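1. 3D, please:
(chains A and B)
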Amino acid sequence: MSGARAAILAGIRRGLKRGALSGDARAELESRLAGPPVGPVPDRSRANHALPIDLFESMAAEVAATLERLPDSEAVPGAVARYLKANNLPAALRLAPADDLQALPWDSEPLLSVEAGPADPGDQVSVTGAFAGIAETGTLMLLSGPAGPTTLNFLPDNHIVVLRASDVVGPYEAAWERLRARNGRGSLPRTVNFITGPSRTADIEQTIQLGAHGPRRLHILLIDDRDESAS
Amino acid sequence: MRSTAHAFTENAKRAVEDPQLKRAMGHVRKGFIEKRAKARARLPEFEALRDAGREIKDHTLAHLDFYLEHYEKTLTAAGGRLHWCATAEEARAAILEICRQAGARTVTKGKSMIGEEIAINDHLEANGITPVETDLGEYIIQLRREPPSHIIAPAVHLTKDLVEADFRAHHKQLPEGRSLSEPAELVAEARQVLRQRYLEAEVGITGANFLVAETGSSVIVTNEGNGDLTQCLPKVHIVVASIEKLVPTLEDLNVLLRVLARSATGQEMSTYTTLSTGPRRPGDPDGPEAYHVVLLDNGRSAMIGSEFHEALRCIRCGACMNHCPVYHAIGGHAYGWVYPGPIGSVLNPGLIGIEEAHHLPNASTFCGRCESVCPMRIPLPRMMRHWREKEFERHLTPASVRTGLTLWAALARRPRLYQALTRIGSALLGRLGKRGRFESLPLAGGWTRFRDMPAPEGPTFQSLWAEQRGTPGGTSGGKR
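-> Numbers count the residues shown, from 1 in each chain, chains lettered A, B, ... in the order given. You can find the predicted model right below:
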């Protein structure tokens, strides 16, 4: 459909009363792409405004996510086991195949069955990491990749996310900055998921119901690693 | 979707007489307006973000050719395939071809207004492929074989009793005696029924709220998670999007995301915002093996540089219809084509022709609420006025209206005569009205059939104005 391509571009240029851009005009746009202006950033999300983890916690609670603070990552398996029991869930979970998650002391919970990999339709519980937490709106940012199957974020009824306090940032801008530091500018993983609370719908008479297609529950384990990272 | 926009007058008449619709529309009036107002009050930067968003969209549209070519480059580098489609027909053909090559029998779909615009479901069905809508509202209206009545809440015209009846009629495999009277039970049932369809589908089709030139990504914003299951489970992911969805960079996306959910549902952020960039990468344990973007023009490039250029800034939040008194009264179906409400009254004539859609720009009281809440500050009333002019120029206006307007114009150009006649007329009517009202009035049957016409009280505005200007310093309050 190269005919369509030419026709669409020509139509746009006709409307703009000019030909294809070149020279300075083009260079200007290239430089905007490389260093775009930053729009208004909500004051509430600025790191020095308050501790970003406090804002993160209150915003996540507003959207019906639950959150437990843990002193260190060693405490994760115990917290997961307790959560499953408290919610009457089977003691089985699908774990994201990430090194740091797999290295946790799961043996300390011998009754818990832990399997790593992408989600199976029968899985009821997934445990994943998060690339960042964004305090501005209580949003989690998860990336696809060998250590992050996307299906874990949507298929199981219960999604447990392990988030380090040192990965909680203020505004969206700060999260993109971190990703660019890792991937370079202009290059993203196959999937970037921003997740703000559990799945919901208001399609029937405007009443909000949780668990429309994605997880009914979103539970965040926030690891307080700030001292370790500061040293 | 087949247009019934030409029959707007009859559609609207039927709609206002529908008690069920009236009940359902009550939820729109209350829910959306209050929620948006709260979200706006909570974010002091909201108005500044609207300005920034408008500038981003204006900048993008002014360089749309450049950004589309850049997007093509980044998308292709990420392993995606771009299909340029000038018309709905080309887009349908491109999608069908991809589905055939994937050997598709079932296609799951996330919500897409472009999908409605090109009527993709009918086309797939006619070619032996079963499309399954997965957004709850879209699923319900697909069962009912109805088009959406709202761009973000497609089943907003329905009450839960109707949904229950539809589920009972279509989900015959489930026990008859089950309880289905609560929204929670309806949601759970749809979840259960659709689970299987996600897993069966060979192809998943989603729309896009945005396309990002910098990274070659498509962005969907949802609350249910259906769009994500639609795109991460099947082998092939097709995105259908129109050319004006483009934004230059992730920074620009941040600005638009901050106003989108707040304007639409009053949420700080929708539950799921997902950026998809190409197919599954080496080492990825899941995700689609192929990623296609079907990029549609369908009349949009012709709007660039026209008096309707600014309508292309629309980010489809639905705030204009949520705040529109006409939409509240008649619902979305009466508009007769894909986009209802004020934005539909501006877009539809451009996309399907003023001959077909000439009634729609008249479906407004020009109260201006739509423009006042539009996050992209689109001058919707001004554009409806432009369409009304075109309607008049092309002689699409009914003869009675034309004659009336011609008479009025003749009078209005003779101020003295006009003033004299209105003075006499209003004095006469003021005396004739019983208890200040008319139950019927010649030439005003269209009004008095439904409600009383108030009789004029006191002198005309013109004479009040003249009187006031005559009094020194009397401009600030008139006579009380």
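2. name the element A:Asp123 belongs to?
-> Using DSSP states H and E, A:Asp123 sits in no helix or strand.
3. separation between the most centrally placed residue in chain A and B:Thr74?
-> For chain A, the residue nearest the mean C-alpha position is A:Met141 (1.8 Å; Cα atoms, centre = their mean). Per Cβ to Cβ, to the nearest Å, A:Met141 is found 20 Å from B:Thr74. All C-beta spots, glycine's among them, are computed from the backbone N, C-alpha and C.
4. so where's chain B shaky on pLDDT?
-> Along chain B, the parts satisfying pLDDT under 70 run over B:471-480.
5. just to revisit the earlier point, need the phi and psi values for the residue nearest to the centre of chain A.
-> phi -120, psi 120 (degrees, to the nearest 10).
6. ok, for it, nearest residue in space, not its chain neighbours?
-> A:Ala132 (4.4 Å; Cβ to Cβ, 6 or more residues apart in numbering or on different chains).
7. Neighbours of that neighbour, how many?
-> 23 (other Cβ atoms under 10 Å in any protein chain shown).
8. same deal with A:Pro146?
-> 13.
9. B:Gly283 is in contact with that one, correct?
-> Yes - A:Pro146 is within contact range of B:Gly283, at 4.0 Å (criterion: Cβ atoms under 8 Å).
10. residue ranges for the strands of chain B, please.
-> B:81-85, B:106-109, B:130-133, B:203-206, B:210-212, B:217-222, B:236-242, B:246-247, B:272-276, B:290-296, B:437-438, B:453-454 (DSSP state E).
11. what are the phi and psi angles of the residue most central in space within chain B?
-> The centroid of chain B falls nearest to B:Tyr339 when counting by Cα atoms, centre = their mean (4.1 Å). Main-chain torsions, B:Tyr339, degrees, to the nearest 10: phi -100, psi 110.
12. got the contact list for it?
-> B:Tyr339 makes contact with B:Met113, B:Ile151, B:Leu347, B:Asn348, according to Cβ atoms under 8 Å, 6 or more residues apart in numbering or on different chains.
13. One more: B:Ala455?
-> With Cβ under 8 Å, 6+ apart, B:Ala455 has these contacts: B:Leu429, B:Gly430, B:Leu432, B:Gly433, B:Gly436, B:Arg437, B:Phe438.
14. Can I have the buried ones of those as a PyMOL selection?
-> The PyMOL selection below is limited to those of the contacts of B:Ala455 classed as buried (16 or more other Cβ atoms under 10 Å in any protein chain shown):
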select buried, chain B and resi 429+433+438
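15. and the contacts of B:Ala455, which of them are in helices?
-> B:Leu429, B:Gly430, B:Leu432 (DSSP state H).
16. Mind putting those into TSV with distance to chain A?
-> Conversion of the ones in helices among the contacts of B:Ala455 to TSV gives the following (distance: Cβ to the nearest Cβ, whole Å):
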residue	distance to chain A
B:Leu429	43
B:Gly430	44
B:Leu432	46
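17. Thought B:Glu371 was touching B:Pro379, still the case?
-> Yes - assessed by Cβ under 8 Å, B:Pro379 is found in contact with B:Glu371 at 5.8 Å.
18. mind checking which helix or strand A:Arg32 is in?
-> helix A:23-34.
19. is any part of that helix close to chain B?
-> Yes - for helix A:23-34, a contact with chain B is found by Cβ under 8 Å from any Cβ of the partner chain, at A:Arg26, A:Leu29, A:Arg32, A:Leu33.
20. Grab the nearest non-local neighbour of A:Ser73.
-> In space, A:Ser73 is closest to A:Ile223, 5.2 Å off (Cβ to Cβ, 6+ apart).
21. repeat for B:Ala88
-> B:Ile118 (4.0 Å).
22. What of B:Leu174?
-> B:Glu189 (7.1 Å).
23. And for B:Arg40?
-> Ranked by Cβ to Cβ, 6+ apart and with sequence neighbours excluded, the top spatial neighbour of B:Arg40 is B:Phe46, at 4.9 Å.
24. Contacts only, for the one you found.
-> B:Ala39, B:Arg40, B:Val259, B:Arg262.
25. I figured the first one hits B:Met269, correct?
-> Read it as B:Ala39. No - assessed by Cβ under 8 Å, B:Ala39 is found out of contact with B:Met269, at 10.2 Å.
26. okay, and the common contacts of the two?
-> B:Ala261.
27. okay, those two: which has more neighbours?
-> For B:Ala39 versus B:Met269, neighbours defined as other Cβ under 10 Å are more numerous around B:Met269 (24 against 19).
28. What backbone torsions are found at the residue nearest to the more buried one when sequence neighbours are not counted?
-> Leaving aside its chain neighbours, B:Met269 sits nearest to A:Thr137 (4.0 Å; criterion: Cβ to Cβ, 6+ apart). Note on A:Thr137: backbone dihedrals following degrees, to the nearest 10 are phi -130, psi 10.
29. swap in A:Glu68?
-> Torsion angles, degrees, to the nearest 10, at A:Glu68: phi -130, psi 130.
30. same deal with A:Val168?
-> According to degrees, to the nearest 10, A:Val168 has phi -90, psi 120.
31. so what's it bridging to?
-> A:Gly133 (DSSP bridges).
32. which residues touch it?
-> A:Val168 neighbours (Cβ under 8 Å, 6+ apart): A:Pro52, A:Ile53, A:Phe56, A:Ala132, A:Gly133, A:Ile134, A:Ala135, A:Leu222.
33. switch to 6 Å and redo it
-> Counting by Cβ atoms under 6 Å, 6 or more residues apart in numbering or on different chains, A:Val168 makes contact with A:Pro52, A:Ile53, A:Phe56, A:Gly133, A:Ala135.
34. for B:Gly225, same thing?
-> Residues near B:Gly225 by Cβ under 6 Å, 6+ apart: A:Phe154, A:Ser199, A:His213, A:Gly214, B:Tyr272.
35. Alright, that wraps it up for me.
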